[in-house]
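Chemist: Next input, structure requested:
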Amino acid sequence: MPVHESIASYSDLAFQSAFAVYLLAAVLLIAQYATARTSRVEERELVGAGAPMQPGRIAEEPRKPLAERLGNMGAAVIVVGIALQVTAIVLRGFATERFPLGNMYEFVTMATTAAMLAASVFLRGQKYRSMWVFVLVPVLILMFLAGTVLYADAAPVVPALRSYWLPIHVTVVSVGSGIFLVAGVASLLFLIRMHQPEGAEHGILGAIARRLPDARALDRLAYRTTIIGFPIFGCGVILGAIWAEAAWGRFWGWDPKETVSFIAWIIYAAYLHARATSGWRETKAAWINLAGFVAMLFNLFVINIVVSGLHSYAGLN
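Modeler: This is a model prediction of the structure:
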């Protein structure tokens, strides 16, 4: 199977450009996050002062606060970054003439793209804009690792992956993983908000908490994203079992990848159950949700890189 080197280089350039664009968006949104409180104080002072307009002077339209302008710029830059990520995936597929999910670099690229698309859906509006910073941080970390430690040159996949199940199974799993990233961030911020309630002014956590949405909104966001990601990821696990039967003659063999994926899915099932159970639906449930995301990261890095198994297709040299 031929590899088109020029197209592969354009794919890498699009990926690197997406990383740079997300980094710029993070800077803008951090600035927006830092200036939000100052802007609100200035607005209250102007309203309280009620400065009269001078005679003969034409009334001007109020200027948008700096925080809002920075936030709007950051949101626009994020759209560009998502477009570049999608371009990188498409070009990688054209370069290798296969579905671009044959190694960890390609999987992380797909999963982070899914996370950004999911965040675009769930974090719409000014209410959740402050959360974008906390979504971008893990996305940037994962993209940095994908572009350095996990990077693999565009090449044909190993024979075991030359199956129509590859785009079906791995795409579903990567989309579910991306949605779980947003859910994990929401639960983490919910825990911060619960320990630093409205009016808390001291320390770094207090500075972070007072700019976040209220705890109830963060809890609802974590639940909504998990309840969507849970069946998607579960379908990915089931499709993987079907592929395993076609490839290895059995549906389930307790391979490390299979086992940890199943454990992660069970943890998310426990979260959904705890979220509906009186006495567990707040901080205890959020901790379970975070445990599920940690299990997903463990599955991605430790199982793929350290542990040897039938799923050892990381593509690392």
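Chemist: Now do the same contact list for residue 31.
Modeler: Residue 31 makes contacts with residue 70, as judged by Cβ atoms under 8 Å, 6 or more residues apart in numbering. Bear in mind the C-beta positions are built from the backbone N, C-alpha and C, glycine included.
Chemist: Please apply the same query to residue 296.
Modeler: Applying Cβ under 8 Å, 6+ apart, we find residue 296 in contact with 177, 180, 264.
Chemist: element containing it, please.
Modeler: Element membership for residue 296, per DSSP states H and E: helix 283-298.
Chemist: do the same with residue 234
Modeler: Residue 234 belongs to helix 215-248 when assigned by DSSP H and E.
Chemist: got the angle for that helix vs helix 283-298?
Modeler: 40 degrees (axes from the mean of the first three to the mean of the last three Cα atoms, to 10 degrees).
Chemist: which one of the contacts of residue 296 is nearest residue 251?
Modeler: Using Cβ to Cβ, residue 264 is the member of these that sits closest to residue 251, with 18.4 Å.
Chemist: could you measure the closest one against residue 143, distance?
Modeler: Look at residue 264 and residue 143: by Cβ to Cβ, to the nearest Å, they are 22 Å apart.
Chemist: before we move on, what about residue 120?
Modeler: Between residue 120 and residue 143 the distance is 16 Å, computed by Cβ to Cβ.
Chemist: Also residue 24?
Modeler: According to Cβ to Cβ, residue 24 and residue 143 sit 14 Å apart.
Chemist: what about the two, which has more around it?
Modeler: Taking neighbours as other Cβ atoms under 10 Å, residue 24 and residue 143 compare with residue 143 leading, 24 against 16.
Chemist: Need the three-state assignment for that one.
Modeler: Following DSSP: H, G, I helix; E, B strand; the rest coil, residue 143 is assigned to helix.
Chemist: ok, which stretches of this structure are strands?
Modeler: Shown for the chain, no strands are assigned by DSSP state E.
Chemist: Show me which helix or strand of it is least confident by mean pLDDT.
Modeler: Lowest by mean pLDDT, DSSP states H and E among the helices and strands of the chain is helix 203-209, with a mean of 67.
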